[in-house]
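# My questions concern the predicted model and sequence given below.
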Amino acid sequence: MASQRTLFQEFKKGIWAENPVIKMLLGMCPALAVTNSAVNGLAMGLASTFVVICSSAIVSIIRRFVPGGVRIPTYIIIIAGFVTLADLFLRAYFPVISKALGPYVPLIVVNCMIMGRAEFFASKHPVVPSILDALGTGTGFVWVLVVLGSIREILGSGSIFGVTLLSERIYTPWVVMILPAGAFLSLGLLIALINYLTQRRQGAH
Amino acid sequence: MKILLVFISAAIVNNFVLTYFLGICPFLGVSKRIDTSVNMGLATTFVMSLAAAITWLINHYILIAFNLPFLQNVTYIITIASLVQLVEMFIRKSSPSLYRSLGIFLPLITTNCAILGLTLFAALREYSFIESLSFGIGAGAGFTIALVIMAGIREELEFADVPAPLKGAPMTLLVAGMLALAFMGFAGLLSV
Amino acid sequence: MKNSSPLGMILALTVTAVVIGAILAGFYQLVEPRIEANRLAEEKRAIFSVLEGAETYDVIEREVPSDKKGGEIIRIFRGLDADGRTVGYAFIAEGPGFAGIIRMMVGLNFDLETLSGLKVMEQVETPGLGNKIGEEKFEGQFKGIAIRPRIEYLKNKKPVKPNQIQAITGATISSKAVVDAINKRVETILSVLGPQAAAGEG
């Protein structure tokens, strides 16, 4: 099906309808691992967005030169390269964030969202749509991570982006929210909520 | 002794799936039935052990020797992808029935972040060769344990009346959350 | 897309790998000084936070035997006050914690009998439990603690002797890791400093 979507629609679909985390269930490892605070979620989201945009762009540019048989390994090398660039950049210019995200930055390589965009879109479309598609996916990823990170930070530490909202005197933080169990519970409930809203909207039509 | 601790830590106390969130994609996708989970778990454990060993060798004899730490990500992921490819070809030739039953899962192991994750963690913690190997096997065991427990629960849930919004991924995630809570109880195990 | 001739495939892979490798090597050269500078800045902050009253410091380097192949170079940071007198010595101790390696800066008082402070620099312990070793509440316990015969930790009990601290509830492993790493390192540091201190330096 040759979709004649406008450029804007290529961008928009990644934000909601084809959101990598909540609809396509991709990129969950980082979504769970580094969303223990809003700023960590944002940083991971931005780093991943950088990688997906650059990878999709390069994959699209070289798509006519790569023989089918070595597509995937070639894309892997490209993605790993950009992830290393992002990692080095963070370690040099944002060391605090780099420490907080820790070993999960190199793991962006296996974020299925990135390979997914490269394989299913960028390898078959010109550069500009590929970049917009990647930008949309990245944006979708960022907002989910920030929301998740904010929820877990507010409930688990009483703050958001480091700003204390609920001081320890009036609210005992649910420490579990910044632990792994809390990550699973938050994401599960978030997806359930979105499913519910989607179903209601469809039911109303 | 440390070797055993590394194994138990990776398998139970710091279970790869429930503590480090590695291997979530297959965890959510494959854990519908116990038998497929066991197969996936064993295949993954095999690949993890090999990956742990080989990446250690690469790290020590190439990356560190030639001072190329920035090539770690690229070389590790290529190694893992190649390894999975080789394992797939090997299984296809040596045991076609096994190959058929594993089906799509084999190529999926490549994007299992648990494998790359375990190799990177082992490098970060500067494990020795034997420790890395133990870590790989332990990680695979932990992955299998988590997968099989989840599959057991999901098989039971088939008969339950799950509300529509929770069907599928949300329910699995909530169950995983409860499993993660349960596994937190193991935290004191290693203080013996 | 081109058809998959073996030569074409190998060429594509090799070119990609070489180009990416070159870009990474170049970028690494570019940022490595900055990464190193970050590390040094953090080290400096840690040194001054454990050595109260120090205005500057100099570095003592010695080679000591260790279980790694060949020796190991120990760096001791000697803190000096405004008049150039030694206030204490800072050194890095590290050891395996619950989830990863814990790296900390330890301050030893001039008397070589007590610590002047502790600063945990790197750790990946469990948030909300083990990672409390990085909090003032835990680190503060090491200010003025006696190092002889060695530092001990108590579980769920307040310390009674001058060489004891109370471990974090629910995070005994992380607490123990810190104590073990310090004890181990202190031995080595004293063996280096002992003769020097006796010779009346500073």
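On my side now, so go ahead. Note that the structure is a prediction, hence the values are computed from the model and not measured. Numbers count the residues shown, from 1 in each chain, chains lettered A, B, ... in the order given.

# contacts, neighbours, all on C-alpha from now
OK.

# Chain A against chain B: which residues are in contact?
Proximity of chain A to chain B (C-alpha under 8 Å from any C-alpha of the partner chain) is limited to residues A:25-26, A:28-30, A:32-33, A:73, A:76-77, A:80-81, A:84, A:103, A:106-107, A:110-112, A:180-185, A:187-196, A:199.

# now with 6 Å?
A:29, A:33, A:80, A:110, A:180-181, A:184-185, A:188, A:191-192, A:195-196 (C-alpha under 6 Å from any C-alpha of the partner chain).

# Spatially, which two of those are the most separated?
Across the residues of chain A next to chain B, no pair lies farther apart than A:80 and A:196, at 36.7 Å, counting by C-alpha to C-alpha.

# Same drill for these two, tell me which one is more crowded.
In this view residue A:80 and residue A:196 are compared by other C-alpha atoms under 10 Å in any protein chain shown, and residue A:80 has more residues nearby, 28 against 16.

# ok, now which ones touch that one?
Going by C-alpha atoms under 6 Å, 6 or more residues apart in numbering or on different chains, residue A:80 touches A:109, B:74.

# Beyond the strand or helix carrying it, next helix or strand please.
Using DSSP states H and E, residue A:80 sits within helix A:71-93. Toward the C-terminus, helix A:71-93 is succeeded by helix A:95-101 as the next helix or strand (DSSP H and E).

# Quick check: what element follows that following helix along the chain?
Heading C-terminal from helix A:95-101 (DSSP H and E), you reach helix A:112-120.

# Does chain C have contacts with that following helix?
No. Judged by C-alpha under 6 Å from any C-alpha, helix A:112-120 and chain C are separated, with a smallest distance of 13.3 Å.

# That helix: which residues count as buried?
Across helix A:112-120, burial judged by 16 or more other C-alpha atoms under 10 Å in any protein chain shown covers A:112, A:113, A:114, A:115, A:117, A:118, A:119.

# same thing with stretch C:172-183?
C:172, C:173, C:174, C:175, C:176, C:177, C:178, C:179, C:180, C:181, C:182, C:183.

# quick check, nearest of the residues you listed to chain B?
residue C:173 (6.3 Å; C-alpha to the nearest C-alpha).

# in what helix or strand does that closest one lie?
Secondary structure (DSSP H and E) places residue C:173 in helix C:172-198.

# just checking, what packs against that helix?
strand C:86-96 (3 or more C-alpha pairs under 6 Å, 6 or more residues apart in numbering or on different chains; DSSP states H and E).

# Can you give me the pLDDT of residue A:181?
We note a pLDDT of 85 for residue A:181 in this prediction.

# Is it in contact with residue B:181, as I believe?
Yes. Between residue A:181 and residue B:181 there is a contact at 5.5 Å, judged by C-alpha atoms under 6 Å.

# Between these two, which is the more surrounded one?
Using other C-alpha under 10 Å, the more surrounded residue of residue A:181 and residue B:181 is residue A:181, with 25 against 18.

# Can you tell me the closest non-neighbouring residue to that one?
residue B:177 (4.3 Å; C-alpha to C-alpha, 6 or more residues apart in numbering or on different chains).

# and what of residue A:53?
residue A:134 (5.1 Å).

# Looking at the buried residues of helix A:112-120, spot the one nearest chain C.
So of these, ranked by how close each gets to chain C (C-alpha to the nearest C-alpha), first place is residue A:119, at 13.3 Å.

# For the closest one, give me the pLDDT.
pLDDT at residue A:119 comes out at 83.

# gap between it and residue B:109?
17 Å (C-alpha to C-alpha, to the nearest Å).

# so where do the helices sit in the chain?
Just going to use chain A. For chain A, applying DSSP state H gives helices covering A:7-12, A:28-33, A:38-61, A:71-93, A:95-101, A:112-120, A:127-157, A:180-204.

# sorry, should have said chain C
With DSSP H as the criterion, chain C has helices spanning C:6-50, C:136-139, C:172-198.

# where does the chain have low pLDDT?
In the absence of a named chain, this looks at chain A. A:1-5, A:168-169, A:204-205 (pLDDT under 70).

# oops, chain B please
B:31, B:101-105, B:110-111, B:187-192.

# report the longest helix in it, please.
Chain B, longest helix under DSSP H: helix B:129-157.

# Now do that one: which elements does it pack against?
By 3+ C-alpha pairs under 6 Å, 6+ apart, helix B:129-157 packs against helix B:2-8, helix B:34-58.

# Any chance of JSON lines for these, columns distance to chain A and mean neighbour count?
Listed next are the helices and strands packed on helix B:129-157 as JSON lines, based on distance: least, C-alpha to the nearest C-alpha, whole Å; neighbours: other C-alpha atoms under 10 Å in any protein chain shown:
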{"stretch": "helix B:2-8", "distance to chain A": "18", "mean neighbour count": "18"}
{"stretch": "helix B:34-58", "distance to chain A": "15", "mean neighbour count": "21"}
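
# Just give the nearest non-adjacent residue to residue B:108, would you?
That would be residue B:26: by C-alpha to C-alpha, 6+ apart, it lies 7.6 Å from residue B:108.

# can you confirm that neighbour is in a strand?
No. If the criterion is DSSP: H, G, I helix; E, B strand; the rest coil, then residue B:26 is helix and not within a strand.

# measure the residue nearest to residue A:181 to residue B:156 for me?
From residue B:177 to residue B:156 the distance is 17 Å (C-alpha to C-alpha).

# For those two, work out which one has more neighbours and name it.
residue B:177 (23 against 10).

# From residue B:17, how far out is the more buried one?
Taking C-alpha to C-alpha, one finds residue B:177 at 11 Å from residue B:17.

# ok, so of the buried residues of stretch C:172-183, who is nearest residue C:96?
Using C-alpha to C-alpha, those come closest to residue C:96 at residue C:177, 6.5 Å.

# State the pLDDT value of the spatially closest residue to the closest one that is not a sequence neighbour.
Spatially, and ignoring its direct neighbours in sequence, residue C:177 is nearest to residue C:97 (5.2 Å; C-alpha to C-alpha, 6+ apart). We have a pLDDT of 79 for residue C:97.

# Ramachandran angles for residue C:97?
Phi and psi for residue C:97, reported as degrees, to the nearest 10, are phi -100, psi -150.

# and if you look at residue C:112?
Torsion angles, degrees, to the nearest 10, at residue C:112: phi 60, psi 20.

# Run a quick neighbour tally on it.
19.

# Just the pLDDT for it.
86.

# Could you report the distance from the closest residue to it other than its chain neighbours to residue C:32?
Closest residue to residue C:112 apart from its sequence neighbours, by C-alpha to C-alpha, 6+ apart: residue C:190 at 7.6 Å. Residue C:190 sits 34 Å away from residue C:32, going by C-alpha to C-alpha.

# Then residue B:56?
In terms of C-alpha to C-alpha, residue B:56 sits 24 Å off from residue C:32.

# just residue B:75 next, same as before
Distance from residue B:75 to residue C:32, by C-alpha to C-alpha: 20 Å.

# So between these two, which is more surrounded?
Taking neighbours as other C-alpha under 10 Å, residue B:75 and residue C:32 compare with residue B:75 leading, 19 against 15.

# The more buried one looks like it's in a helix, true?
Yes. Checked against three-state DSSP, residue B:75 lies within a helix.

# Show the contacting residues for residue C:144.
Residue C:144 neighbours (C-alpha under 6 Å, 6+ apart): C:114, C:115, C:116.

# and which of those is nearest to chain A?
Nearest member of the contacts of residue C:144 to chain A, counting by C-alpha to the nearest C-alpha, is residue C:116, at 25.7 Å.

# coming back round to it: what sits up against the helix or strand just after the longest helix of chain B?
The helix or strand immediately downstream of helix B:129-157 is helix B:169-183, counting by DSSP H and E. Applying C-alpha under 6 Å, 6+ apart, the set of residues contacting helix B:169-183 from outside is A:181, A:184, A:185, A:188, A:191, A:192, B:18.
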